[in-house]
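>>> How does the following fold in three dimensions:
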Amino acid sequence: MKYPVYLDYNATTPCAPEVIEAMIPWFQQHFGNASSKSHAFGWVAEDAVEIAREQVANLLGARSKEIIFTSGATEAINLAIKGTFELYKGEKQHYITCQTEHKAVLDTMAELEKEGADVTYLPVDHEGNISYQELKDTILPHTKMIALMWANNETGIIHPIEEISELAETNDIIFLTDAVQAAGKIPLHNRGIHLMAISAHKFYGPKGVGALFIRHNHSLPKPLAQITGGGHEKGFRSGTLNVPGIVGMGKAAEMRMEEMETEISKMSLLRNQLEESILEIPGTKLNGSQNNRLPHVSNIAFEGTEGEELLRKVCQQVAVSSGSACTSISPKPSHVLQAMGLEHELGRSSIRFSLGRNTTEQEILDTVEWVTHVVTELRKLN
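From the prediction side, this is the model:
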């Protein structure tokens, strides 16, 4: 099968060859259970997990004991939010998040509301930015958590994490950040952050493995476990560890540390080339800020086209999406673009282009040519 050009790296990334090579021995040769403490098969597997834990910690500027492995970011987010809610059960609870968060956060917050929690969903401006003053004014005496993503998965907008974390620290509030799209793409830190979720398959690691950073040696409490049965991962997440996946995640994190700085420059140049060329098409508009965003993401609206038909035609030769991979099958406009004030039809006629380490200049040229052709033909039919 001849695949189209792939420009949907925010949905998932291909495993780097080095990652696959690192994983293979742990499926067969070194197949031991990392929890088997009585023999060499278990010891070797446990050592591999701890090496990977250190590699992932380095990506976040953390200590290895602060990394809890999960099946992915969605599980990590559920552990962080639901685990915090259960910790404070019986108390009046208030949570602050944003209308443009990933569904893993929004749907989990909705579950908390059913259980009696108060949740504030901060609005955003037309570029996707929150108001720091509004965030500050929203804090209540019983606010337990601020949950705001590091970078938006649809527009690439980067939230002011430094200011948010400082505000949370000052007010003694747990700060959770979904750093899925930022990890491995831009430098991260954990200053003032108490909980951080990441996923391996977003930075050239395998699917089915992620991690939750849980700050140690802090007065604020840690979340309660959501999966019990053996006390694995320091009691936060029971279950036999996915050793091959964890090894792959560690290797991917190590590679990101080595490649990230060079790749930021490359991605920015290619993304800008793509964006500038497509925005020359009449009736196109960039969704979100042109400045404070990830270097590899561009979200563009195409006036005078029907959303489903536009996406179907473009994807014949260029794999893109209309938003989050979790909601891309829905004909509804993106909740992110709606929150930014984009009208219904324009939101449906928007495409997210996300580049990656394998993207070439020729692919960008081919994409511009194909998208221009598709848009021109669709407008002739209207």
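>>> make it CA atoms for all contacts and neighbour counts henceforth
Will do.
>>> Which parts of this protein are strands?
5-6, 67-70, 94-98, 118-122, 143-147, 174-178, 195-199, 210-214, 284-286, 297-302, 318-319, 350-354 (DSSP state E).
>>> could you say what helices and strands the second one packs with?
When contacts are defined as 3 or more CA pairs under 8 Å, 6 or more residues apart in numbering; DSSP states H and E, strand 67-70 packs onto helix 40-60, strand 210-214.
>>> Can you say which of these is packed in most?
Across the helices and strands packed on strand 67-70, averaging neighbours per residue (mean count of other CA atoms under 10 Å) puts strand 210-214 on top, at a mean of 27.
>>> partners of that strand in the sheet?
According to DSSP bridges, strand 210-214 forms sheet pairs with strand 67-70 (antiparallel), strand 195-199 (antiparallel).
>>> what sits up against the last one?
Right, strand 195-199. Residues outside strand 195-199 that contact it (CA atoms under 8 Å, 6 or more residues apart in numbering) are 72-73, 76-77, 80, 174-181, 183, 207, 209-215.
>>> care to break this protein down by domain?
As assigned by automatic domain parsing, the chain contains the domains 5-12+260-381, 17-254.
>>> quick one on the thing from earlier: could the helices and strands packed on strand 67-70 be laid out in a markdown table, adding mean pLDDT?
A markdown table is the format used below for the helices and strands packed on strand 67-70 (pLDDT from 0 to 100):
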| stretch | mean pLDDT |
| --- | --- |
| helix 40-60 | 96 |
| strand 210-214 | 98 |
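>>> if we compare the ones you listed, which one ends up closest to Pro295?
helix 40-60 (17.9 Å; CA to CA).
>>> Could you list every helix and strand in contact with that closest one?
Under the contact rule (3+ CA pairs under 8 Å, 6+ apart), helix 40-60 is packed against strand 67-70, helix 243-278.
>>> try 6 Å
Applying 3 or more CA pairs under 6 Å, 6 or more residues apart in numbering; DSSP states H and E, we find helix 40-60 packed against helix 243-278.
>>> So what angle separates the directions of the helix it packs on and strand 350-354?
120 degrees (axes from the mean of the first three to the mean of the last three CA atoms, to 10 degrees).
>>> What are the buried residues along helix 243-278?
Residues of helix 243-278 classed as buried: 243-257, 260, 263-264, 266-268, 270-272, 274-275, 277-278 (neighbour count, 16 or more other CA atoms under 10 Å).
>>> next one: that helix to chain centre, how far?
The chain centre lies 14 Å from the centre of helix 243-278; the measure is CA atoms, centre = their mean, to the nearest Å.
>>> cool, stretch 270-283 as well?
25 Å.
>>> wait, isn't Tyr95 in contact with Tyr121?
No - checked against CA atoms under 6 Å, the pair Tyr95 and Tyr121 is beyond contact range at 8.7 Å.
>>> Before I go, just wanted to say thanks for your time.
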